[in-house]
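Enquirer: only geometry, no sequence info:
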DNA sequence: TTGTAGGCGTTATCAG
DNA sequence: CTGATAACGCCTACAA
C-alpha cells in the first residue's frame, strides 16, 4: 500500500490549540462572530503547521449536500459538449460548486451507470446533454424532484427545465440562406438517430416548413439521420439519384467533416457542385477553402443558463414556471453557400 | 428547499427485512458466503421496493478511499485533452473508478483550487495534463507519496511518473519531412509560454538538432512560443523578414488554426508559398485543401497508460522504477508539405 | 448465520 | 465566547 501520511483531522488541530473540535469547526466555516481573536489566530497557525485540510466527505455526509453537480455528456467528442462544459464549470465554480463530468459515449448503459454513480456520490443535481433515446431513466429522478436540467432535450410531461437551441429557426436560417442563393434541392444530414427526440423533430419541422414557405420540394430521401459511419453511404445515394441535392445542411460538426470528406473524395467543388452549411461553428470554418457558412449555437450562454437554472433548483430559489429556455442560433455567412 | 424524498438508508432496508444493518451491508458488498438464501432474497426485494441506493460518501469516509480519481486539464479546448480524458475514463470505469475532470483554463490559480478541492474530496489519485509553470504545487503531494501521474510534463527529482510524447522525435520527424521536400528555412510556432517545461525544451532541442544534422540554419527569430493571440504578429514578423521561413511547424491544434488563418488572410498558398506541418492530428486535416500533413500523438494509448500507472500506485502493485513512459509520434504524410 | 457496538471526520444543538 | 454530545450512513470486528 501507499505510505499515506496519517490523515490529520479537526481533532488534531483542536488538541494542538487546546480548544474543542467545535471551535475549530466554527473557524473553518468562517463563523468568527463570537470567537476570540486569540483563538482564531492560534487555530489559523495550527492549521498551517499541521497542513490540515477538511474532509469534505465527512462534511457532506453531515450536511447532506456535496456542493457538487454532475454533468453527463452524450459524447465528449462534439465541440458543443466541451464548450458547454466549460461554461457550466465556470458558473459553478464561481458559486463554489464542483462538477463531475461524465461521458456516455452515446451508450445508454454507460449513461445509466453514470447516473447511479452520481447519485451514490450524493451530488446535488445533474445537467444532462443529449444522450440516447432512453429518457425514462429520468422519470424517477423527476418524481423525486431531484434537481435536474436538460440541454438540447425536452421530455414532455416531466416538469424538467430544458435549455434548447431554437432548432426550427436553425434549419430555417439555413434553408433561407440556401434559397437566397438559388439552391432548390436541399438535403439535411445528421448523426442523430433518435427519432422521437425534440431537436430532431423540430429541426425537421423547421426544415420542411421553410422549404414549403419558399415553395421548394421536400424529398424524404434527402433527409437522413444515420450513424456517423453511414454518412458517406447516404451521401452517395443522394448524390447519385436522378436529381441530386444542390445543397446540404450538416446537422453537427462530425457530420460536417464527414460530408467534407465525401466532397473532397469525389472532387466536388463548394459551393458550385454542392453548397454547404453546418450547424455548429467549427473552429476551422473560417480557414477552410472556401470559408464555411455555419449556424452557430450560443454554447456558452446555454451552459451558463443551464447551470443557473440548476442552482436555483438546488437552493430552492423562486423561479418561473417556464420549462423551455430557447436560445437563438446565429447564421455566420461565409462562402460555402 | 427542494422536497427531497427522505433518504432511505441501510437501516431502513434492515428494518423492513427484519435483519440487522450488518447483514444488509454484507449483501451490498457481495459477501453472501454465510448468508441464508432466504435473507438474501428478501434483502434484494426490500432494496428494490424502497429504491435504496448506498451512500458512497459514507462508505468512503469509513474506508478512506473514494474510488475516484481527479483529472486536471490545462485546457479542455485542446483536442488532445478531450481525447486523453476519454481513454482515461474508459480505463478507470472498467476498474470501477470514477473520474472528476477539472479544467484549469491555463490558470495556475484555478489549478491549485482544483487540486485542493480534489484532495478535500478524498480522491485517490490525480492525473495532470500540462498546466502552467508552477510545478512546485505538486511537490507536497509527491512528498506524501500521493498517487499521481503527469501527462506531457516531467518534473525532475520528484519521483513522479510521466507519460510523454517523444517530443524530440516529433520535431525531428517534421524537420526531416520538410528537409526531404527541400525546404531550408523552417519556423516553429507554439502557444507554450512555459520556457522551463520539458516538452518545450525537448521539442526545441529536437528541432535544433534535426536542423543541424540536415545542415540547415537555426534562426531564433523563427522559433516562437507565445500566447495564441500573438501568433499572427509573430507570423507577420517572420514572414516580413528578409529571408522568411518557407515552412512552419505548428506546435498544436490551436496554433495550426491560427497559422492557417494568417496564411489565408495573406493569400499564401500551401505548400508553395509556405509549407506546413501540425503537431496533433486535427479532425479536419484530411479534408483541408490541401490535406494537412500532421504529427499525431497516440492520445488514447497515452491516456490509458497514465490511468494504468495511477491505478498501480493506488493499489500498491509492484511497478518498475521507470519514471518516463515515452510514446512515439506518428507522421501522417498528406499534402501540406 | 446474524447482531451489537464503535468509529470514520464533520457539523449542529444546546448548555455553560 | 467555548465545549460536550449526538448525529450523518456505512463498515468491521467480535460476540452470540
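Expert: Yes, it's here. None of these values were measured; they are calculated from a predicted model. Numbers count the residues shown, from 1 in each chain, chains lettered A, B, ... in the order given.
Enquirer: so who does residue A:258 touch?
Expert: Listed by Cβ atoms under 8 Å, 6 or more residues apart in numbering or on different chains, the contact set of residue A:258 reads A:228, A:231-232, A:235, A:250. No exception for glycine: its C-beta is placed from N, CA and C like everyone else's.
Enquirer: remind me which residues of the stretch 1-150 of chain A are low pLDDT?
Expert: Applying pLDDT under 70 to the stretch 1-150 of chain A picks out residues A:1-5, A:33, A:130-134.
Enquirer: Quick check: residues of it near DNA strand D?
Expert: Counting by Cβ under 7 Å from any atom of the strand, the stretch 1-150 of chain A comes close to DNA strand D at A:18-23, A:26, A:34-36, A:38-39, A:58, A:61-62, A:64.
Enquirer: Pull out the buried residues from those residues.
Expert: Buried subset of those (neighbour count, 16 or more other Cβ atoms under 10 Å in any protein chain shown): A:19, A:23, A:26, A:39, A:58, A:61.
Enquirer: how close does the closest residue to the fifth one other than its chain neighbours sit to residue A:159?
Expert: Excluding its sequence neighbours, the residue lying closest to residue A:58 (Cβ to Cβ, 6 or more residues apart in numbering or on different chains) is residue B:61, at 5.5 Å. As judged by Cβ to Cβ, to the nearest Å, residue B:61 and residue A:159 stand 34 Å apart.
Enquirer: do residue A:151 as well
Expert: 17 Å.
Enquirer: again with residue A:303
Expert: Counting by Cβ to Cβ - residue A:303 and residue A:159 are separated by 22 Å.
Enquirer: One more: residue A:289?
Expert: For residue A:289, the distance to residue A:159 - Cβ to Cβ - is 48 Å.
Enquirer: which of these two has more neighbours?
Expert: Neighbours were counted for residue A:289 and for residue A:159 using other Cβ atoms under 10 Å in any protein chain shown; residue A:289 has more, 15 against 12.
Enquirer: Would you double-check that residue A:106 falls in a helix?
Expert: No: looking at residue A:106 with DSSP: H, G, I helix; E, B strand; the rest coil, it is coil, so not inside a helix.
Enquirer: what about it, neighbour count?
Expert: Neighbourhood size, residue A:106 [other Cβ under 10 Å]: 19.
Enquirer: quick one: the strands in the stretch 201-337 of chain A?
Expert: A:223-225, A:247-250, A:275-279, A:293-296, A:324-327, A:330-332 (DSSP state E, counting those that start in this stretch).
Enquirer: right, and the pair among the residues of the stretch 1-150 of chain A next to DNA strand D with maximum separation?
Expert: Largest separation among those by Cβ to Cβ: A:38 and A:64, giving 33.7 Å.
Enquirer: Where does the prediction get shaky in the stretch 151-300 of chain A?
Expert: For the stretch 151-300 of chain A, the ranges with pLDDT under 70 are A:193-196.
Enquirer: For DNA strand D, what is the nearest residue in it?
Expert: residue A:160 (24.8 Å; Cβ to the nearest atom of the strand).
Enquirer: Count the neighbours of that residue for me.
Expert: 22.
Enquirer: Now for it: which residues touch it?
Expert: Contacts for residue A:160 (Cβ under 8 Å, 6+ apart) come out as A:138, A:142, A:148-150, A:323.
Enquirer: and the helix or strand hosting residue A:46, what other elements does it pack with?
Expert: Assigned by DSSP states H and E, residue A:46 belongs to helix A:37-50. Judged by 3 or more Cβ pairs under 8 Å, 6 or more residues apart in numbering or on different chains; DSSP states H and E, the packing partners of helix A:37-50 are helix A:10-17, helix A:21-28.
Enquirer: Number of residues surrounding residue A:140?
Expert: Each residue near residue A:140 was counted by other Cβ under 10 Å, and the total is 12.
Enquirer: and if you look at residue A:96?
Expert: The burial count for residue A:96: 8, using other Cβ under 10 Å.
Enquirer: quick one, what contacts the nearest residue to it once chain neighbours are set aside?
Expert: With sequence-adjacent residues excluded and distances taken as Cβ to Cβ, 6+ apart, residue A:96 is closest to residue A:67, at 6.3 Å. Neighbouring residues of residue A:67 by Cβ under 8 Å, 6+ apart: A:56, A:60, A:96-98, A:124.
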